[in-house]
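Here is a sequence together with a model predicted from it:
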Amino acid sequence: MGLKPRRFAISTDGSAVWLTAEAAGSVQLLDPIKGAVTDEVRFTPPNVRREDIRPVGIILSRDGSCAFVALSRAGVVAVVDTAARRVAGYWPAGRRPMDVVSAGGTLYVTDAQDDAVLALDAATGRVLRSAKLGRTPHTVLTDE
């Protein structure tokens, strides 16, 4: 596994574990039976230094078609097409997105640099609202 594994998500059919490797700057796909790395998704957001690409939080869409990955220090959430295993786009998400969850068509992203949680439209990435929280929010959970 990659350097500094942080969070994981399991594919809807259980065939793959998507694991963020913060220091490696990638998401690795693992075979849950063999425990072996089967693929890797690397990130190249525009105008971001390589050392600032730090994947931390990850969530898969309900239908499993997309993975949303919080790239700390890069200030974006990467949208990954899970079938193609390629980045489909990057959405601005504060200055230091750490975690991302989904509920009712909305992504909730913690922004540790701005002490906030952002609500993004899960279809477009548009920021719907932002709420200031305590110092350096790191993790967000929902019951969905």
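Yep, that arrived.

Distance check, R54 against V27.
12 Å (CB to CB, to the nearest Å). Using the backbone N, CA and C atoms, a C-beta is placed for each residue, glycine as well.

more neighbours, the two?
For R54 against V27, the residue with the higher neighbour count under other CB atoms under 10 Å is V27, and the figures read 27 against 22.

Skip the chain neighbours and tell me the closest residue to the more buried one.
Excluding its sequence neighbours, the residue lying closest to V27 (CB to CB, 6 or more residues apart in numbering) is V41, at 4.5 Å.

Report the buried residues of stretch 83-97.
For stretch 83-97, burial by neighbour count (16 or more other CB atoms under 10 Å) applies to 85, 87, 90-94, 96-97.

Can you list the residue ranges for helices in the protein?
Counting by DSSP state H, the chain has no helices to list.

Give me the residue at the spatial middle of it.
Averaging the C-alpha coordinates of the chain gives a centre point, and the residue nearest to it by CA atoms, centre = their mean is V69 (1.4 Å).

Now do the contacts for it.
Contacts here follow CB atoms under 8 Å, 6 or more residues apart in numbering; on that basis V69 touches 20, 27, 43, 55, 57-58, 77-78, 80, 100.

Out of these, which sit inside strands?
Judged by DSSP state E, strands contain the following of the contacts of V69: 20, 27, 55, 57-58, 77-78, 80, 100.

what would the buried residues of stretch 83-97 look like in a markdown table with distance to D121 and pLDDT?
A markdown table is the format used below for the buried residues of stretch 83-97 (distance: CB to CB, whole Å; pLDDT from 0 to 100):
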| residue | distance to D121 | pLDDT |
| --- | --- | --- |
| R85 | 24 | 96 |
| V87 | 19 | 98 |
| Y90 | 15 | 98 |
| W91 | 9 | 98 |
| P92 | 13 | 96 |
| A93 | 12 | 95 |
| G94 | 15 | 92 |
| R96 | 21 | 93 |
| P97 | 15 | 95 |
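
From those residues, which land in strands?
Helix and strand membership here follows DSSP E; of these, those in strands are 87, 90-92, 97.

Tell me the one among these nearest to T12.
Checking these against T12 by CB to CB gives V87 as the nearest, at 19.8 Å.
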